[in-house]
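1. Generate a structure from the sequence data that follows.
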Amino acid sequence: MSDALPPEVMKLLESRAVRLAAPPRALESEEDNDWFATFAVGDLDVAIPLSQLRAALPLKRVTPVPLAPPEVVGVLRWSGLVLTVFSLAFMLGGQASRSDSSYLIVVERGPSRLVAFDCAQIPLAITRPAREVELARARATGPLVDVPRGTGVLSIIDIAALLERWESGRGA
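-> Model (predicted):
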């Protein structure tokens with residue numbers, strides 16, 4: 001069994017590496033923007049702060065855990081650590097479905113605390129105006145911060161708040 005990624009994924013990753021290696025372009029208001037990694041979870045467009053993203057990996061590296069709760073997809077060995085892989089769709093109120101996910105993302109939950117979530121696609125980097133994000137955070141009451149995006153909404157996930165809410169609800 002080979003761990004090689006499909007050719008279209010390798011091509012996408014290589015083009016991103018070339019783009020990221022290029023010198024940054026000066027933007028007039030770059031300091032006024034926040035960077036996010038965005039992807040879809042069911043019908044939601046979600047994002048996490050790009051500063052919290054540590055890796056995007058194939059889901060096949062996950063080892064299932066027998067009798068684990070439904071929000072736990074399995075565990076992952078990564079950089080000498082064993083990380084819990086959670087079903088982001090389940091934790092956001094949907095159905096846990098490993099079949100919809102092909103990738104996982106490793107994110108920083110807090111200082112030196114990592115977790116992983118399944119996702120259906122490799123996240124894309126985007127920016128949102130910092131002031132817009134700040135106003136949305138002030139209105140938010142849960143782990144999702146809804147920021148207007150075109151004709152829709154981008155839901156920024158507060159990873160620490162999501163996991164704290166989940167752990168307190170389970171009595172962990």
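2. longest helix anywhere in the protein?
-> helix 7-21 (DSSP state H).
3. wait, R165 sits on L144?
-> No: using CB atoms under 8 Å, R165 is not in contact with L144, being 10.5 Å away. Backbone N, C-alpha and C define where each C-beta goes, glycine included.
4. More neighbours: these two, which one.
-> L144 (20 against 14; other CB atoms under 10 Å).
5. Need phi/psi at the more buried one.
-> phi -110, psi 130 (degrees, to the nearest 10).
6. ok, what's across the strand from it?
-> For L144, the beta-bridge assignment (DSSP bridges) gives partners I157.
7. List the residues that contact it.
-> 46, 92, 155-158 (CB atoms under 8 Å, 6 or more residues apart in numbering).
8. before we move on, the earlier item: give me the contacts around the longest helix of the chain.
-> With CB under 8 Å, 6+ apart, helix 7-21 has contacts from 4-5, 122.
9. What remains of those if I keep only buried residues?
-> I122 (16 or more other CB atoms under 10 Å).
10. Can you tell me which of the contacts of helix 7-21 lies closest to L50?
-> Nearest to L50 among the contacts of helix 7-21: I122, at 13.2 Å, using CB to CB.
11. who's in contact with the closest residue to E108 other than its chain neighbours?
-> Nearest residue to E108, sequence neighbours excluded (CB to CB, 6 or more residues apart in numbering): Q52, at 4.6 Å. Counting by CB under 8 Å, 6+ apart, Q52 touches 107-108, 159.
12. What of D158?
-> 140, 143-145.
13. likewise A47?
-> With contact set as CB under 8 Å, 6+ apart, A47 has these partners: 36-39, 123, 126, 128, 154-157.
14. ditto for F36
-> 47-50, 125-128, 154, 156.
15. Quick check: nearest residue in space to it, chain neighbours excluded?
-> F36's closest residue in space is A47 (CB to CB, 6+ apart), at 3.8 Å.
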